[in-house]
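Asker: mind looking at a prediction? Sequence and model below.
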Amino acid sequence: MSRVEQAIQKAHDAARTAFIGYLPVGFPDLDTSIQAAIALAENGVDIIELGPPYSDPVMDGAIIQEATRTALAAGYRTADLFAALREITAATDVPVVVMTYWNPVLQYGVDRYADDLLAAGGAGLITPDITPESAADWIAASERTGLDRVFLAAPTSTDDRLDLVVASSTGFVYTVSTMGITGERADLDLAARTLVSRLREHGAVRACVGIGISTAAQISAVGEYADGAIVGTALVRALRDGGVPALAEVTRTLAAGTASARPALEN
């Protein structure tokens, strides 16, 4: 298994739902974002998800967009991602995946990006705006380097699309809980539970739910049917409002929702 798969397995062996925490690189500044990511690992996150700032973040909600604008205004460059990764992975064994829009990877060079990501200690990519049939170069690069490739499945995905996503993804399938942009929601869509069930029917071993999860109770609910819960906006808000100490406190609070009665995954 990959490092990401091992992290999910380790959580399940401990009767927990895997907790994946997202933060943008470079917010509020590069050094603080590195310390913030380390704080996630130290306070209950099983997998760190880093988001390189992008000028056209079509999938991100207001809080994350605000954070990425701050990072870009401070001079964020792609090289900062790999610098941050090196420091984070030197400080923790928690695997780090990068959630990136595809254009920065294409501009940097797919093979070069994969090689630099691997060299910096990264574990893989989540690519929200590219589909498997358009990602031949990335699939080849990920197979060569051993990096995980995480594609997205949405409630509107057809059966044929789910077959392709499941067959093309490694690590886990990013299961979009509801249609729309990232953010906090009072209630998670029933669509998430239905989509995970459909993914199981199509052979998905690991499905992690993201978009709209912001409380320990929601993580607990997701753990009834999915392998992991992905939280972003609530963590970015905590970092924005109270710095790394507040982020650590919110992370611990959220991690309390990971206890699960689900049976452990088979190896």
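Answerer: That came through fine.
Asker: drop to CA atoms for contacts and neighbour counts, all remaining ones
Answerer: OK.
Asker: by contact count, what packs against whichever strand or helix holds R161?
Answerer: Per DSSP states H and E: R161 is located in helix 159-168. For helix 159-168, the elements it packs on are strand 152-153, judged by 3 or more Cα pairs under 8 Å, 6 or more residues apart in numbering; DSSP states H and E.
Asker: pairing partners for the strand it packs on, with directions?
Answerer: Under the criterion DSSP bridges, strand 152-153 sits next to strand 173-176 (parallel) in its sheet.
Asker: now do the SS call for G122.
Answerer: Here G122 is coil, with the state taken from DSSP: H, G, I helix; E, B strand; the rest coil.
Asker: and it, what pLDDT?
Answerer: Predicted confidence (pLDDT) at G122: the value is 98.
Asker: and the nearest residue to it once chain neighbours are set aside, how far from A84?
Answerer: With Cα to Cα, 6 or more residues apart in numbering as the criterion, G122 has its nearest non-adjacent residue at 5.4 Å, and that residue is V96. Per Cα to Cα, to the nearest Å, V96 is found 11 Å from A84.
Asker: which residues do these two both contact?
Answerer: Any residue near both V96 and A84 by Cα atoms under 8 Å, 6 or more residues apart in numbering counts here, and not one turns up.
Asker: the more surrounded of these two?
Answerer: When neighbours are counted by other Cα atoms under 10 Å, V96 and A84 differ, and V96 comes out ahead with 27 against 21.
Asker: the more buried one: what's it in contact with?
Answerer: I47, I48, E49, L50, L85, T89, G121, G122, A123, G124.
Asker: quick check: W102 vs G223, distance?
Answerer: Here the criterion is Cα to Cα. By it, W102 lies 30 Å from G223.
Asker: more neighbours: those two, which one.
Answerer: In this view W102 and G223 are compared by other Cα under 10 Å, and G223 has more residues nearby, 25 against 16.
Asker: any idea of the mean pLDDT in the strand with the most length in the chain?
Answerer: Secondary structure assigned by DSSP state E gives strand 18-24 as the longest strand of the chain. This predicted structure assigns strand 18-24 an average pLDDT of 97.
Asker: what residues does it touch?
Answerer: When contacts are defined by Cα under 8 Å, 6+ apart, strand 18-24 is touched by residues 7-8, 11-12, 33, 37, 40, 44-53, 64, 67-68, 227-233, 235-236, 255, 258.
Asker: what about stretch 224-243, how long is it end to end?
Answerer: With Cα to Cα as the measure, stretch 224-243 spans 32 Å from end to end.
Asker: partner residues bridging the residue nearest to G122?
Answerer: I48.
Asker: check the gap between it and A37 for me.
Answerer: From V96 across to A37, the span is 9 Å (Cα to Cα).
Asker: same question for L190.
Answerer: When distance is defined by Cα to Cα, L190 is 31 Å away from A37.
Asker: between those two, which one's more packed in?
Answerer: Looking at L190 and A37 with other Cα under 10 Å, you find the greater number of neighbours at A37, namely 30 against 11.
Asker: quick one, phi/psi of the nearest residue to F172 once chain neighbours are set aside?
Answerer: For F172, ignoring the flanking residues on the chain, the nearest one in space by Cα to Cα, 6+ apart is R206 at 4.7 Å. The main-chain torsion angles of R206 are listed as degrees, to the nearest 10 and equal phi -130, psi 120.
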